[in-house]
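Asks: Just need the structure, nothing else, for what follows:
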Amino acid sequence: EVPVAVLMLLCAVIFARMLAWCWSAGLRKTCLAGLVFVALAPHMTAFAGTLYPDAVFAVAACGLLFELWLAVRRRHMGGASLAMVALTLPFAVFTRPNGLVFLLPALAALAFVPGRARWLLGAVIALWC
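Replies: Residues are numbered from 1 along each chain as shown. Model prediction:
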């Protein structure tokens, strides 16, 4: 039960981060649709609660790409974004054989994030690799 709880908590944190950004960006309908039809959908709960590796892979990959997109868009990476990348990167990249593809956007984001954030993002990528 502990691994199931940890994976479901991980999914909840990733969804909460994405939905909170949608809400704060004024995308209220998108936020509510994502909440109802994705995050709270019964099949998502069952999918995440079965310890099936595709569940955590799919959610972590979405969370990783979302954080990298935010970093590239803002040309900055805050502490929360860096923590989410550190949390989602190993699940997105290493839970499925085809997850190695997600190293490419992470490496590409290094070109768009300046200064100290670039070094920290590079350190997170290197740490998990």
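
Asks: quick one: what helix or strand has the residue nearest in space to the middle of the chain in it?
Replies: Residue closest to the average C-alpha location in the chain (Cα atoms, centre = their mean): residue 63, at 1.8 Å. Assessed by DSSP states H and E, residue 63 sits inside helix 53-74.

Asks: cool, and residue 76?
Replies: Counting by DSSP H and E, residue 76 is found in no helix or strand.

Asks: The residue lying closest to the residue nearest to the centre of the chain once chain neighbours are set aside: which element?
Replies: Spatial nearest neighbour of residue 63, chain neighbours left out: residue 14 (3.7 Å); criterion: Cβ to Cβ, 6 or more residues apart in numbering. Backbone N, C-alpha and C define where each C-beta goes, glycine included. Using DSSP H and E, residue 14 sits in helix 2-24.

Asks: likewise residue 112?
Replies: Assessed by DSSP H and E, residue 112 sits outside every helix and strand.

Asks: got it, and residue 117?
Replies: Taking DSSP H and E as the criterion, residue 117 maps to helix 115-128.

Asks: Give the buried residues for the helix or strand following the helix holding residue 14.
Replies: As assigned by DSSP H and E, the chain's next helix or strand after helix 2-24 is helix 28-34. Across helix 28-34, burial judged by 16 or more other Cβ atoms under 10 Å covers 31, 34.

Asks: So which residues make contact with stretch 106-124?
Replies: 64, 68, 71, 72, 75, 76, 77, 82, 85, 86, 89, 125 (Cβ atoms under 8 Å, 6 or more residues apart in numbering).

Asks: Brilliant, that's me finished.
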